[in-house]
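Student: what's the 3D shape of this:
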Amino acid sequence: MKSLIATFTQNLDFSESEIETILSTPLNDVLNSPALKQELDSLDISLLKKTLPTAGAVLAEHLPLFYDWLKNELGVQRVPDSPDHTTKWVVGFLNNQESINHLVELHRPVPHAALEQAVPRLVGLFDGVEDEKVREEWEKAVAALCLVLVVDAREQAKLAS
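Tutor: Below is the predicted model:
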């Protein structure tokens, strides 16, 4: 399985050293950074919206096993019952109805180590999408959102210690 850093560098327009720096930066600074804004602005929202049925099918097929892995292998306590909420959240985000801050709040209960282990696997759920452009855009979108979650998880871990 790919590492966390490799997942981010392969799917986002950041070098390994830039990812390392971002991951050690406070969340508010990252959220307000021109680099993250540029990365999010570079997402092809129209393609993502147009291919939501594809993403929904991928998530419906793969998320139950992913959730099972989170619960049974990584010991994550609060795992969704179905992929529906994730698909709805992605749709809401793409339609500007959900915020990154809300995503962060929803994922705060996930242990830092489990979150970092889960990112490569979550982004990898789209590996089977045949259309390369669609696959790459969804992997980029998921990786960008996960980057923010990992930044917050690391910040919360520092605050707790």
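Student: what bits of the protein have low per-residue confidence?
Tutor: Scanning the chain for pLDDT under 70 picks out 1-2, 95, 97.
Student: dump the residue contacts of the residue positioned nearest the centre of it.
Tutor: In the chain, the residue lying closest to the centroid (CA atoms, centre = their mean) is Cys146, at 2.7 Å. Counting by CB atoms under 8 Å, 6 or more residues apart in numbering, Cys146 makes contact with Thr7, Phe8, Val119, Leu122, Val123. C-betas here are computed from N, CA, C, even on glycine.
Student: Go again with 6 Å.
Tutor: Cys146 is in contact with Val119, counting by CB atoms under 6 Å, 6 or more residues apart in numbering.
Student: Please, which helix or strand holds it?
Tutor: Assigned by DSSP states H and E, Cys146 belongs to helix 132-160.
Student: Just the helices from this structure, written as ranges.
Tutor: 4-11, 16-23, 27-31, 34-41, 45-50, 52-72, 84-94, 100-107, 112-123, 132-160 (DSSP state H).
Student: now these in JSON lines, with distance to Arg78?
Tutor: As requested, these are exported to JSON lines (distance: least, CB to CB, whole Å):
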{"stretch": "helix 4-11", "distance to Arg78": "21"}
{"stretch": "helix 16-23", "distance to Arg78": "24"}
{"stretch": "helix 27-31", "distance to Arg78": "21"}
{"stretch": "helix 34-41", "distance to Arg78": "27"}
{"stretch": "helix 45-50", "distance to Arg78": "27"}
{"stretch": "helix 52-72", "distance to Arg78": "9"}
{"stretch": "helix 84-94", "distance to Arg78": "12"}
{"stretch": "helix 100-107", "distance to Arg78": "10"}
{"stretch": "helix 112-123", "distance to Arg78": "11"}
{"stretch": "helix 132-160", "distance to Arg78": "15"}
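Student: His112 and Tyr67: what is the separation?
Tutor: Distance, His112 to Tyr67, using CB to CB, to the nearest Å: 19 Å.
Student: ugh, wrong one, I meant Leu149
Tutor: Leu149 is 16 Å from Tyr67, by CB to CB.
Student: quick one: which of those two has more around it?
Tutor: Taking neighbours as other CB atoms under 10 Å, Leu149 and Tyr67 compare with Leu149 leading, 23 against 17.
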